[in-house]
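Student: Starting from these lines, generate the structure:
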Amino acid sequence: MPVRRLSERQKARIHQIQDQRRQRLDQRALEALTEIEVDQPQPGLVVVRHGAYLAVEDQEGRVWHCLARQHIGHPVCGDRVVWQATGPDRGVVTAIQDRTSRLARPDYSGRTKPLAANLTQLVVVLAPQPEPSTYLLDQYLAAAEGMGVAALIACNKMDLLAAPGRAALTERLAPYPRIGYPLVWLSLHGGEGLAPLAERLAGETSILVGQSGVGKSSLVQALLPDLEIQIGRLSQATGLGRHTTSAASCYRLPRGGYLIDSPGVRSFRLSLDDPDDLVSGFRDIAPLIGHCRFANCRHDREPGCALKAAITTGALHPERLANFLHLAAALERSGRRY
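Tutor: Residues are numbered from 1 along each chain as shown. The predicted structure is shown next:
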């Protein structure tokens, strides 16, 4: 029997119904807060987000199972918050402190949904299979530029490539280190590259992003020798049990810093609310905009195009320009132009 395919409208409707059910469940939990006496406010870090429930780490490293006041917004992993104890191992989050950065993606209805906060680094994971997409890679890098955080490209599963294949991939990715994006080559089976990656993660708050199948979960396990202990600690604090591994979680790195693991980034795609974000998201193209002979240059066949001239001199890679124009066309179809 053929599998029935759902339309986008049907998917959005199903997602809306699920959201409404979750909101009703969350509302019952939140209403209970009005009758609870609370302790003195103190700072904390959100280390797990699952529905309405949060795990908040206090300044002594103890984890508390918390709910959030309705009016404060949507706390996510990495948020610095103000919270108050309401009982043994229980608390309520009363405020979200100012964020230095926020990673978000649009949901099925087009609304922007935050995934993580206060990141300092975005790690884009690639692998030989699935075949790396520079179009997707450039979207991740544009998102990092928009947040004002560092970006790092990690090429995983390099043991799957023979010398010619590795040389070809190295050549394809060569433009990125030239414009300031570091590359780390990884093979977990051979132990290649894990130490340099751990060094770049030390002291940072990072999140791994990339296509399904590139080995993000294996990387998390390799970078966190005590992962099972940390999962157990968070599970015990939140009462989520096995659901902890499917929730957005923030783990302590051995050399300092945090690694955020969020299932939401599996379906990440770039959200451009402002056309200027597209230009600023391409660090090698932004300085060239405005220097073409014609103000309305489309960077295609017009004479005097600064971007085409940069390709001729080698300052701009043709694939980067193609990806930029592809995203610009998508913007134009939505009624906006950079």
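
Student: CA atoms for contacts and neighbours, from now on please.
Tutor: Fine.

Student: Would you mind listing where this protein has pLDDT under the threshold?
Tutor: The model of the chain has pLDDT under 70 over residues 1-6, 10-11, 14-38, 107-110, 236-247, 264-275, 334-338.

Student: Got the domain ranges for it?
Tutor: Following automatic domain parsing, one gets these domains for the chain: 102-267, 275-333.

Student: The shortest one: how far from the chain's middle?
Tutor: Going back to what we said before, that points to domain 275-333. Counting by CA atoms, centre = their mean, to the nearest Å, domain 275-333 is centred 26 Å from the centre of its parent chain.

Student: Where does S249 fall, secondary structure wise?
Tutor: Using DSSP states H and E, S249 sits in strand 248-252.

Student: What strands line up against that strand, and which way round?
Tutor: Paired with strand 248-252 in the same sheet, following DSSP bridges, are strand 42-50 (antiparallel), strand 258-261 (antiparallel).

Student: Please identify the nearest residue in space to V82, excluding sequence neighbours.
Tutor: Leaving out its chain neighbours, the residue that sits closest to V82 by CA to CA, 6 or more residues apart in numbering is P43, at 4.6 Å.

Student: Most distant residue from the centre of the protein?
Tutor: Note on the chain: the largest C-alpha distance from the chain mean falls to P303, namely 38.9 Å (CA atoms, centre = their mean).

Student: where exactly do the helices run in the stretch 101-250 of the chain?
Tutor: Along the stretch 101-250 of the chain, counting by DSSP state H, counting those that start in this stretch, helices occupy 134-147, 163-173, 175-178, 194-201, 216-223, 227-238.

Student: Mind checking those for the one nearest to L331?
Tutor: Judged by CA to CA, the one of the helices of the stretch 101-250 of the chain that comes nearest to L331 is helix 134-147, at 13.3 Å.

Student: Give me the distance between that closest one and the centre of its chain.
Tutor: Relative to the centre of its chain, helix 134-147 is centred 10 Å away, using CA atoms, centre = their mean.

Student: Could you figure out how far it is turned away from helix 163-173?
Tutor: When axes from the mean of the first three to the mean of the last three CA atoms, to 10 degrees is applied, the directions of helix 134-147 and helix 163-173 differ by 40 degrees.

Student: so the residue nearest to V82 makes contact with G91?
Tutor: No - using CA atoms under 8 Å, P43 makes no contact with G91, being 11.9 Å away.

Student: just to revisit the earlier point, JSON lines for the domains of the chain, including distance to R62?
Tutor: JSON lines is the format used below for the domains of the chain (distance: least, CA to CA, whole Å):
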{"stretch": "domain 102-267", "distance to R62": "9"}
{"stretch": "domain 275-333", "distance to R62": "38"}
